[in-house]
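S.K.: Would you be able to build a 3D model of this:
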Amino acid sequence: MGDWTRGRGQALGRLLLAFVLVAFTSTVFLATPRLAVAQAGDNQPQPDKEEDVPMSKMSANPIVHFFVSIGVVFGIIFAALSVGTLALIIILVMDLRMGEAVSTAFVDEFTGLVNKRQFKQAYEMCKNDNSFLGRVLTAGMGRLQYGIEDAREAMFHMVETVKSSKDSMISYLANVGTLGPMLGLVGTVSGMVGAFRRLGSSNKAPDASDLAGEISHALVVTLVGVAVAVPAIFFYSFFKNRLTAIANNTANLADDLLTQMYHNSKKTGAAPPTQTPAATGSTERTATAVQEKK
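M.R.: This next block holds a predicted model:
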């Protein structure tokens, strides 16, 4: 489990490094089109007629227009949201796998140990396993000495605990789905403010192409905000449904395995199979004290 934790930490470190590189590259790349457009405007001759101005604006590269419209500030924000959302989706895809939560090899090994009445080894195997099913069985087996109903209650509490921890990660996707359109709305309002400022500061009738350019810049920011939010909302619903299915399957399977272990322990007439070391030591000390009194 230590190797798996280190591997996951290294993966998260690589994702953070990728985020920094993408943010830096986005800053440089988004700043470059403004310089390129400015230099191109200085080098080009002034048109002789007013009719030539719209034609030059219409021939601008749409990709350059797209990145210039986003700007450096919104570009960094949307790049951070995109990289963070992608990293979170990758982590959830790795965690919320049915084979990861309920491993067939784990179930077969646990069933084999229970059938051989090796209850202590089965408990140690569950305790050392960090999967969804392993954690749920560990909680239930730790209370099995107090009865099957008490063990089931502890087991179902653990199911809700693990489900809540996963659900808190999934909720960040909902936050991205809400923030994306709101940031796009901020960009739209900012662009509209710029358009109306130009309209109000002009002493003559403003050029319609200038106002259209300002509005176009504002709408591009809105488009990017919606584009970031749509995948986040989709994967939020997808992972919520998957987490519910995994939790239900884990709870049902853990209940079956725990019941099987309980009945096997009763058939042998043995003591409760999942007593913790502290509980076992306490039982031995109590028996010794009774013998000394006798």
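S.K.: Low-confidence stretches in the chain?
M.R.: Where the chain drops to pLDDT under 70, the residues are 1-60, 202, 205-206, 208, 210, 267-294.
S.K.: same thing but at 80, please
M.R.: 1-67, 69, 100, 191, 194-214, 216-217, 265-294 (pLDDT under 80).
S.K.: show me where it has helices.
M.R.: With helices called from DSSP state H, the chain shows them at 2-43, 52-58, 62-95, 98-101, 104-115, 119-127, 132-142, 148-201, 208-268, 277-293.
S.K.: Could you say which of the ones you listed is packed most deeply?
M.R.: helix 132-142 (a mean of 25; mean count of other C-beta atoms under 10 Å). Heads up, the C-betas are built off the backbone N, CA and C, glycines and all.
S.K.: tell me what that one is packed against?
M.R.: helix 98-101, helix 104-115, helix 119-127, helix 148-201, helix 208-268 (3 or more C-beta pairs under 8 Å, 6 or more residues apart in numbering; DSSP states H and E).
S.K.: ok and that helix relative to helix 104-115, angle-wise?
M.R.: Angle, helix 132-142 to helix 104-115, by axes from the mean of the first three to the mean of the last three C-alpha atoms, to 10 degrees: 20 degrees.
S.K.: Touching helix 132-142 from outside, list them.
M.R.: Helix 132-142 is contacted by residues 100-103, 106-107, 110, 122-123, 125-129, 151-152, 154-155, 157-159, 162, 246-247, 250-251, 253-254, 257-258, 261, 273-274, 276 when judged by C-beta atoms under 8 Å, 6 or more residues apart in numbering.
S.K.: Restricting to C-alpha, output that helix in PDB.
M.R.: What follows is helix 132-142, C-alpha atoms only, in PDB (Å, rounded to 0.1, in the frame of the first residue of the first chain):
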ATOM      1  CA  PHE A 132     -13.700   0.100  -0.600                       C
ATOM      2  CA  LEU A 133     -14.700  -3.500   0.200                       C
ATOM      3  CA  GLY A 134     -11.600  -4.000   2.400                       C
ATOM      4  CA  ARG A 135     -12.400  -0.900   4.600                       C
ATOM      5  CA  VAL A 136     -16.100  -1.900   4.900                       C
ATOM      6  CA  LEU A 137     -15.300  -5.500   5.900                       C
ATOM      7  CA  THR A 138     -12.700  -4.300   8.400                       C
ATOM      8  CA  ALA A 139     -15.200  -2.100  10.100                       C
ATOM      9  CA  GLY A 140     -17.800  -4.900  10.300                       C
ATOM     10  CA  MET A 141     -15.400  -7.600  11.400                       C
ATOM     11  CA  GLY A 142     -14.100  -5.400  14.200                       C
END
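S.K.: gap between the closest residue to Leu243 other than its chain neighbours and Phe132?
M.R.: Excluding the flanking residues, the one nearest Leu243 by C-beta to C-beta, 6 or more residues apart in numbering is Lys166, at 5.4 Å. The spacing between Lys166 and Phe132, counted by C-beta to C-beta, to the nearest Å, is 9 Å.
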